[in-house]
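> requesting a structural model of the entry that follows:
(one chain, ligands or ions: 1)
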Amino acid sequence: MKKSFSVEYNQFNHWSELEKADQSLVESANEVMENAYAPYSKFSVGAAAILSNGEIVKGSNQENIAYPSGLCAERVALFYAGANFPNEAIKTLCIVAKGDLVPKETILSPCGSCRQVMVESEKRQNKPYRIILVSQNGSAIVFNSAVDLLPLAFGV
Ligand code: THU
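Numbering: from 1, shown residues only. Purely as a prediction, here's the structure:
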């Protein structure tokens with residue numbers, strides 16, 4: 001039996017075309033991106049999530065000379081949310097990046113480990129959350145669920 005996955009998402013030429021609340025989230029992600037500690041990759045990433053109580057939690061990538069000890073921006077933000085606001089659902093997560101590691105027109109797409117964490121945080125809150133991904137050129141795509149970025153995630 002042949003089966004397939006399909007994912008719907010919205011595409012924007014520039015994030016300034018997003019609704020106001022989403023624009024603010026992009027701005028928050030851009031702000032916290034400046035706090036990235038990325039002396040090794042020289043690639044800065046910012047992640048900002050708005051919670052059901054209106055709180056915005058933010059994270060940036062934090063590297064370490066023992067490379068695997070560092071952590072991606074998304075997981076810094078998501079684990080901070082889990083640690084400090086365990087009962088507030090995430091409504092939207094926005095991710096931005098800056099650096100030469102990927103072409104300017106490439107949408108910042110989270111790594112596999114972050115996707116796994118995103119899927120579980122979604123399962124934990126029993127409600128999908130939106131994900132806004134932005135390129136360095138400013139183009140953006142919006143997904144409706146973390147599962148859309150990682151079908152068949154491990155264990156969930
Ligand atoms: N990085 C993130 O923070 N998020 C991603 O989605 C991809 C990669 C970080 C990890 C590392 O500090 C740098 O970007 C280069 O991989």
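> let me see the ranges of the helices in the chain.
Taking DSSP state H, the helices of the chain run over residues 20-33, 73-84, 112-125.
> redo the ones you listed as a markdown table? Include distance to Met1 and mean pLDDT.
Every C-beta, even on glycine, is put in place using the N, C-alpha and C of the backbone. Formatted as a markdown table, the helices of the chain follow (distance: least, Cβ to Cβ, whole Å; pLDDT from 0 to 100):
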| stretch | distance to Met1 | mean pLDDT |
| --- | --- | --- |
| helix 20-33 | 39 | 98 |
| helix 73-84 | 35 | 98 |
| helix 112-125 | 25 | 97 |
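> what about these, which gets the closest to the ligand?
helix 73-84 (3.9 Å; Cβ to the nearest ligand atom).
> and the closest one, what does it pack against?
Using 3 or more Cβ pairs under 8 Å, 6 or more residues apart in numbering; DSSP states H and E as the contact test, the elements touching helix 73-84 are strand 44-51, strand 56-60, strand 90-98, helix 112-125.
> contacting residues around it?
Residues outside helix 73-84 that contact it (Cβ atoms under 8 Å, 6 or more residues apart in numbering): 32-33, 36, 45-49, 51, 57-62, 88, 90, 93, 95, 110, 113-114, 117-118, 121, 124.
> and those residues, which are buried?
32-33, 36, 45-49, 51, 57-62, 88, 90, 93, 95, 110, 114, 117-118, 121 (16 or more other Cβ atoms under 10 Å).
> and the residue sitting nearest the centre point of the chain, how far from Trp15?
Centroid-nearest residue in the chain, with Cα atoms, centre = their mean: Ile95, separated by 3.9 Å. Ile95 is 12 Å from Trp15, where distance means Cβ to Cβ, to the nearest Å.
> what do those two both touch?
Shared contacts of Ile95 and Trp15, counting by Cβ under 8 Å, 6+ apart, come down to 132, 134.
> for this protein, which residues are neighbours of the ligand?
38, 41, 43, 45, 61, 63, 70, 72-74, 101, 110-111, 114 (Cβ under 6 Å from any ligand atom).
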